[in-house]
Every structure is written in C-alpha cells, then in structure tokens.
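[1] take this sequence and fold it.
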Amino acid sequence: MTKPQTAHRQLGLTTSEMVVYPMIAVLLVGVAFGFYHNSRIDDAVTAAVDLGMKQQELIETYFDLYGEMPQSEADLEMNAFIPEGILVGMDYLAGEFGVPAADKLRTGTLKALIDMTEFGARFEDIESGFLLIARAQDDDSIIWDCVADRVTVEALGKRYLPKTCSAGEEGGDDQDNVAGDQLDE
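    Numbers count the residues shown, from 1 in each chain. As a prediction, the model looks like this:
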C-alpha cells in the first residue's frame, strides 16, 4: 500500500518575502513622493509664470502711449505688482537681457525673481526663474517670448518651466544654463 500524500502548508512568510515586500513598498512610496514633489514644483512655477505674464499689460500700455519700450522700471510704475508664491519680484530691463546689441526702444525684458527654498537645498541658490521678452514688430504689435534665463548663473533650468515658456526657446537641450545642469544631476 502506498501512503497518502499530505500537502505541506506553509504558514507565514519566507525570509526572502519578508525582505522583498517591504522593499517594494518603500520603492513605491518613494516614487509617489517624487511625483508629488515634482507636481508641487510644476504648480508653483506655472503660477509664477502666469503672475509674471500679467505684467505684460504694463509694457504694452506704455508702448501704445509712447511708441517705444519703457527705458526703466520707473517708467512702468510696477509698484502695484504684488508678488505671490515663489515669485518675489520682477525686474525690468530695456533691451533683451544678455544681448547688449538689442534695440532698447523696440525690445524689453521682464526678469522673474524667485525663491524656491521650500523645495529643498538644491533650489536655495536659485534667484532667477525665467525671462519674458517683449519684441515690437513693424506693425507696432508686441510679440512675447517666455524663455529660460541663460544669462544668470543661478537660474532655474528650462526643464522646470511650463510648455508655454519652452515654446519660445531657441536651440536644443544641450544649451541649458549651468544651474539647470546642476539640478539635473
């Protein structure tokens, strides 16, 4: 006669399961936190760009009145501007920031000053977020470009800017500024 086979039931977890399952859980929590943190950065930068774009009206009104770009911040009367979120201020420069030969009567630049220390140590030295560049056309309309600041050393990398800003970018990804390259590491 043969002996009936009895099934051997395992009670509890094996040693490898006790190690692997918690590691998977920790990995999933880390990935979820990364997505959450990146979405907070995206939301803050998008809000800063939107608030900065509201300042375009000041330049357009000045250009309509005088037929040229303002030559200083005093001409713009930006004192009514109230920064919010990570946007702590806006600087205005006649001409294009970083382009000395730009026509100062037909071009103007708003430079966004930001404070992103709430997002960690790698952002604490960032002082410039993006540039809004106004270019007057022959028909006296103004074309706006939102671009990454490639002149300021401690500037936010273009990978953090919303798609509305990168649409005006010229050149490839390899031309990103030094601070942007440091953030990618």
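[2] was I right to think S72 contacts D91?
    No - S72 is not in contact with D91 according to Cβ atoms under 8 Å; the separation is 10.8 Å. Yep, even glycine has a C-beta here, placed from its N, CA and C like the rest.
[3] looking at these two, which one has more neighbours?
    Using other Cβ atoms under 10 Å as the criterion, S72 and D91 rank with D91 on top: 14 against 9.
[4] just the strands in the chain please.
    Secondary structure of the chain, counting by DSSP state E: strands at 87-94, 107-114, 128-136, 142-147.
[5] mind putting those in TSV, distance to R159 and mean pLDDT included?
    Shown next, in TSV, are the strands of the chain (distance: least, Cβ to Cβ, whole Å; pLDDT from 0 to 100):
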stretch	distance to R159	mean pLDDT
strand 87-94	19	88
strand 107-114	15	90
strand 128-136	12	90
strand 142-147	13	90
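[6] nearest to A47, of these?
    Taking Cβ to Cβ, strand 87-94 is the member of the strands of the chain nearest to A47, at 7.6 Å.
[7] shaky segments in the protein?
    For the chain, residues meeting the criterion pLDDT under 70 lie at 1-10, 166-185.
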